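> Could you look at this predicted model? Sequence included:
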Amino acid sequence: MSNELVAPDKFFLNRFGMNHGALERILGSALERKADYADLYFEYRSAEGLALEESMVNHTSKSVSHGVGVRVCAEDRTGYAYSDEVTVDRMRLAAEAARAIADQRGTAPAAVQVGAPVARHALYDLPSTPLDVPVQERAKLLSEIDSLVRASDPRVKNVMASFACERKIVMIVRSDGQVAADVQPLCRLNVTVIAEDGKGRQMGSYGGGGRVEWNYFIEKDRWREYALEAARQAIVNLDAVDAPAGEMVVVLGPGWPGILLHEAIGHGLEGDFNRKKTSAFADRIGQKVASELCTVIDDGTIPNRRGSLNVDDEGTPTSRTVLIEKGILRGYLQDRMNARLMKMEPTGNGRRESFAHSPMPRMTNTFMLNGESTPEEIMKSVKKGLYAVNFGGGQVDITNGKFVFSASEAYLIEDGQVTRPVKGATLIGNGPDVLTRVSMVGNDLKLDAGVGTCGKDGQSVPVGVGLPTIRIDGITVGGTRAN
């Protein structure tokens with residue numbers, strides 16, 4: 001594996017018998033009718049997973065896949081074709097298909113010369129990954145999680161734990177002659193606990209991971225933290241009362257509640273939606289779109305984070321992009337095509353699920369910066385409200401920013417104190433409007449533990465989210481009893 005780590009571009013050239021001349025001819029064929037841009041995306045992915053339930057490891061999986069995608073861009077049209085057979089003939093056919101889909105017209109472009117390497121980050125150059133650890137050792141960890149959780153409380157009735165890891169090697173060859181290559185490890189440990197007390201059944205979930213080594217889960221007893229946190233959530237929810245309904249002050253806790261920021265705000269700041277003017281934030285750069293307490297960042301350069309990348313899936317180095325600064329909209333998340341059409345610079349946010357998918361602008365690690373209030377000050381400022389600590393599912397309408405989120409762990413705030421846990425709470429609001437209602441921002445920024453997966457247009461990619469404790473004045477809470 002060491003050769004792959006040192007030179008992933010050589011991995012593809014050697015494995016599939018390619019050379020720069022062949023790549024230049026394929027790109028030349030893709031550009032034959034004067035497209036604006038073309039690229040080749042090579043991918044080799046090896047993945048393993050195992051899962052435990054009812055105290056037994058009852059599922060294991062192992063897969064290897066590889067392929068190449070060819071993209072042709074002409075003005076605002078994109079042609080994309082792919083093959084899981086990486087041969088010159090298949091690539092030529094894919095290039096011809098992509099060219100036909102883009103339907104460009106014009107004279108032949110200048111010849112492509114491949115070879116200039118892209119200077120990439122070094123955010124997760126690891127000597128080994130969990131794939132190098134024997135499956136028996138991974139299975140043993142899941143069994144230890146099961147034993148620990150069951151011993152922690154007699155109300156625990158079932159434990160489900162899973163571990164998934166992959167190593168993806170990619171190479172992007174662009175029509176401007178540049179070549180980018182990367183080895184991208186990724187792993188995730190998840191624990192779900194079901195508890196019963198005779199009156200009801202509740203569930204708790206927790207986990208983490210990133211672009212890290214196996215020892216990441218062992219050091220600092222992180223696996224224990226994941227297991228006991230999942231159990232704690234399930235036990236807490238056994239005592240939950242029905243959530244109130246109505247408009248009220250809502251305090252979001254640090255870390256994973258940043259998923260609301262990701263869904264309700266982040267997607268609306270992606271370049272494609274703004275170029276097409278279907279986003280609530282279209283044509284609003286330089287305008288105030290949030291409370292002056294809000295500064296929102298997307299940063300794909302944080303070492304070892306789940307949403308980080310040395311280069312994005314178009315071969316552009318990732319960056320730290322200021323989206324909203326003290327309430328003022330400063331920019332959008334851009335891939336190469338939308339940046340070109342909007343006359344902006346790409347931000348390193350072109351992402352795709354696999355070689356079978358065309359890239360589009362997507363988030364990496366999206367979070368709000370710290371404010372000046374302490375979490376204690378924020379809580380004491382609330383006479384009556386809701387404290388949302390963890391979220392489950394949610395959905396958002398990009399065109400108007402309306403969202404609905406379900407809180408998997410939430411509490412009442414009464415006279416400045418966190419009191420009873422509640423169940424069945426949903427938050428209903430409008431993303432752009434919610435940002436204007438932020439009245440206090442804490443100094444306790446926390447990123448999620450590394451479990452985020454973002455879906456868009458049928459594609460899923462790993463992401464990170466983050467948030468300090470914040471107070472929002474007036475969100476509609478859907479509950480099961482009157483407030």
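That came in fine, so what should we check first? Numbering: from 1, shown residues only.

> make it CA atoms for all contacts and neighbour counts henceforth
Will do.

> quick one, helices of this structure?
Per DSSP state H, the chain carries helices over the ranges 2-6, 8-15, 20-30, 88-102, 135-152, 215-218, 222-238, 258-261, 271-275, 336-341, 375-380, 431-436.

> Can you say which of the ones you listed is packed in most?
Ranked by mean neighbour count, the helices of the chain are led by helix 258-261 with a mean of 24 (mean count of other Cα atoms under 10 Å).

> what helices or strands is that one leaning on?
Applying 3 or more Cα pairs under 8 Å, 6 or more residues apart in numbering; DSSP states H and E, one finds that helix 258-261 makes contact with strand 365-368, strand 464-467.

> quick one: average confidence on it?
Mean pLDDT, computed over helix 258-261, is 92.

> who's in contact with that helix?
If you take Cα atoms under 8 Å, 6 or more residues apart in numbering as the criterion, helix 258-261 is touched by 366-368, 391, 405, 431, 448, 465-467.

> Closest one to E32 out of the residues you listed, please.
Nearest to E32 among the contacts of helix 258-261 is T366, at 39.1 Å by Cα to Cα.

> Check the gap between the closest one and A51 for me.
29 Å (Cα to Cα, to the nearest Å).

> more crowded one of those two?
The neighbour count for T366 versus A51, taken as other Cα atoms under 10 Å, is higher for T366 (28 against 22).

> May I have the distance across stretch 429-444, first residue to last?
Using Cα to Cα, one end of stretch 429-444 lies 24 Å from the other.

> Please, where are all the strands along the stretch 301-450 of the chain?
For the stretch 301-450 of the chain, the strands defined by DSSP state E, counting those that start in this stretch cover 320-325, 328-329, 350-351, 360-361, 365-368, 384-396, 402-414, 417-423, 426-430, 438-441, 446-447.

> can you list the ones you listed in CSV and add distance to A119 and mean pLDDT?
Formatted as CSV, those follow (distance: least, Cα to Cα, whole Å; pLDDT from 0 to 100):
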stretch, distance to A119, mean pLDDT
strand 320-325, 16, 98
strand 328-329, 29, 97
strand 350-351, 17, 98
strand 360-361, 21, 98
strand 365-368, 21, 98
strand 384-396, 36, 89
strand 402-414, 39, 94
strand 417-423, 49, 96
strand 426-430, 40, 93
strand 438-441, 37, 98
strand 446-447, 27, 98
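
> of the ones you listed, which approaches G268 most closely?
Judged by Cα to Cα, the one of the strands of the stretch 301-450 of the chain that comes nearest to G268 is strand 384-396, at 9.6 Å.

> Do a quick rundown of the strands in the stretch 151-300 of the chain.
156-174, 178-196, 201-210, 241-242, 244-252, 296-299.

> Look up how far E85 lies from the closest residue to I26 other than its chain neighbours.
Nearest non-adjacent residue to I26, counting by Cα to Cα, 6 or more residues apart in numbering: R92, 5.7 Å away. Counting by Cα to Cα, the separation of R92 from E85 is 12 Å.

> sorry, back to before: now for the strands of the stretch 151-300 of the chain, which one comes closest to V418?
Across the strands of the stretch 151-300 of the chain, closest to V418 is strand 244-252 (Cα to Cα), at 10.5 Å.

> Quick check: which ranges of the protein have low pLDDT?
1-6, 104-110, 480-483 (pLDDT under 70).

> what's the domain layout of it?
2-238, 242-482 (automatic domain parsing).

> looking at those, which is buried most?
For those, the highest mean count by mean count of other Cα under 10 Å goes to domain 242-482, at a mean of 21.

> so A74 bridges to which residues?
R77 (DSSP bridges).

> residues in contact with the residue nearest the centre of the chain?
Nearest to the mean C-alpha position of the chain, by Cα atoms, centre = their mean, lies V463 at 1.5 Å. Neighbouring residues of V463 by Cα under 8 Å, 6+ apart: 306-308, 363-365, 450-454.

> now these as TSV including distance to Y41?
Listed next are the contacts of V463 as TSV, based on distance: Cα to Cα, whole Å:
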residue	distance to Y41
R306	21
G307	19
S308	19
M363	20
T364	19
N365	23
G450	26
V451	26
G452	24
T453	22
C454	21
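
> Tell me the one of those residues nearest H357?
Using Cα to Cα, C454 comes nearest to H357 of the contacts of V463, at 14.9 Å.

> show me the contacts for A181.
So A181 contacts 7-9, 169-172, 311, 315 (Cα under 8 Å, 6+ apart).

> swap in W223?
145, 189, 217.

> Equivalent analysis for I169, please.
By Cα under 8 Å, 6+ apart, the contact set of I169 is 4, 8, 43-45, 181-184.

> And the closest residue to it other than its chain neighbours, how close does it get to D283?
Spatial nearest neighbour of I169, chain neighbours left out: V183 (4.5 Å); criterion: Cα to Cα, 6+ apart. Counting by Cα to Cα, the gap between V183 and D283 amounts to 37 Å.

> Same list (the helices and strands packed on helix 258-261) but as a markdown table, adding distance to A161.
Formatted as a markdown table, the helices and strands packed on helix 258-261 follow (distance: least, Cα to Cα, whole Å):
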| stretch | distance to A161 |
| --- | --- |
| strand 365-368 | 25 |
| strand 464-467 | 21 |
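
> so which of the ones you listed gets nearest I101?
Nearest to I101, of the helices and strands packed on helix 258-261 and by Cα to Cα, is strand 365-368 at 33.0 Å.

> in its sheet, what does the closest one sit against?
Neighbouring strands of strand 365-368 in its sheet, by DSSP bridges, are strand 296-299 (antiparallel), strand 464-467 (parallel).

> Out of the ones you listed, which gets nearest to Y226?
Comparing those against Y226 with Cα to Cα, the closest turns out to be strand 464-467 (17.1 Å).

> Show me the contact partners of the closest one.
With Cα under 8 Å, 6+ apart as the criterion, strand 464-467 contacts 253-259, 261-262, 305-307, 364-370, 445-448, 450-452.

> rerun at 7 Å
With contact meaning Cα atoms under 7 Å, 6 or more residues apart in numbering, strand 464-467 is reached by 254-259, 262, 306-307, 364-368, 445-448, 450, 452.

> Can I get that strand as CSV, trimmed to CA atoms?
Listed next in CSV are the C-alpha coordinates belonging to strand 464-467 (Å, rounded to 0.1, in the frame of the first residue of the first chain):
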residue,chain,number,x,y,z
GLY,A,464,-19.1,17.6,8.9
VAL,A,465,-21.2,20.1,10.8
GLY,A,466,-20.6,22.3,13.9
LEU,A,467,-22.2,24.9,16.1
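
> what's the most distant pair in the contacts of I169?
The widest separation within the contacts of I169 (Cα to Cα) is 13.6 Å, between R45 and A181.

> list residues touching both of the two?
Counting by Cα under 7 Å, 6+ apart, R45 and A181 have no contacts in common.

> Bridged to the closest residue to L238 other than its chain neighbours, which residues?
The shortest distance from L238 to any non-neighbouring residue, by Cα to Cα, 6+ apart, is to Q202 (5.9 Å). For Q202, the beta-bridge partners under DSSP bridges are A195.

> re earlier: as JSON lines, the helices of the chain with distance to T78 would be great.
Formatted as JSON lines, these follow (distance: least, Cα to Cα, whole Å):
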{"stretch": "helix 2-6", "distance to T78": "31"}
{"stretch": "helix 8-15", "distance to T78": "25"}
{"stretch": "helix 20-30", "distance to T78": "12"}
{"stretch": "helix 88-102", "distance to T78": "5"}
{"stretch": "helix 135-152", "distance to T78": "42"}
{"stretch": "helix 215-218", "distance to T78": "41"}
{"stretch": "helix 222-238", "distance to T78": "43"}
{"stretch": "helix 258-261", "distance to T78": "30"}
{"stretch": "helix 271-275", "distance to T78": "13"}
{"stretch": "helix 336-341", "distance to T78": "9"}
{"stretch": "helix 375-380", "distance to T78": "48"}
{"stretch": "helix 431-436", "distance to T78": "30"}
